[in-house]
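[1] Predicted coordinates and the sequence they were generated for:
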Amino acid sequence: MKLREVAYSRSGDKGDVSNICVFPHDDGDYEWLREVLTAEVVAKAFGDLVAGTVTRYEVPVNCCLNFVLTEALAGGVSMSLRVDPHGKAYQSLILAIDLPERQARS
């Protein structure tokens, strides 16, 4: 299953740092996403697009996971030659991550 089937995302940037927040469509999926959508999974999905680190912050009060990707925008808006220097497409890229099937909730 793709992440987009159970969640939506928003992204932003500051310099060479991309910030992506993932929100489950159903708050009941938050704990499951917290288990399966790790910083390592995201780093692997982004591959060479991210030269720095991927850090995950949990925001349980809002049922979301916030990922901060450093050295992720080839220098940032004013320096990057990328087609998407703001990294807005990153919110779509994260939603393409394959997730394991979840167990039925009780």
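    Cool, the structure landed.
[2] Using CSV, write out every CA atom in stretch 53-68.
    Coordinates of each C-alpha in stretch 53-68 appear next as CSV, following Å, rounded to 0.1, in the frame of the first residue of the first chain:
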residue,chain,number,x,y,z
THR,A,53,20.1,13.9,7.6
VAL,A,54,16.5,13.0,8.0
THR,A,55,15.0,13.6,11.4
ARG,A,56,11.5,12.7,12.5
TYR,A,57,9.5,14.6,15.1
GLU,A,58,6.3,13.2,16.5
VAL,A,59,3.4,15.5,17.1
PRO,A,60,0.8,13.3,18.8
VAL,A,61,-1.5,16.1,19.8
ASN,A,62,-2.0,16.7,16.0
CYS,A,63,-1.6,13.1,15.0
CYS,A,64,1.3,13.9,12.6
LEU,A,65,4.9,13.1,11.9
ASN,A,66,7.2,15.9,10.9
PHE,A,67,10.3,15.1,8.8
VAL,A,68,13.2,17.5,8.5
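[3] now the helices for the protein?
    30-36, 39-46, 90-95 (DSSP state H).
[4] Tell me which residues touch Lys2, please.
    Lys2 makes contact with 95-99, according to C-beta atoms under 8 Å, 6 or more residues apart in numbering. Any C-beta I mention is one placed from the backbone N, CA and C, and that applies to glycine too.
[5] Could you pull out the strands in this structure for me?
    Chain-ordered strands for the chain, with DSSP state E as the definition, fall at 7-14, 17-24, 54-59, 64-69.
[6] follow-up on the earlier one: so for Gly15, which of the helices of the chain sits nearest?
    The closest of those to Gly15 is helix 90-95. By C-beta to C-beta, the value is 14.6 Å.
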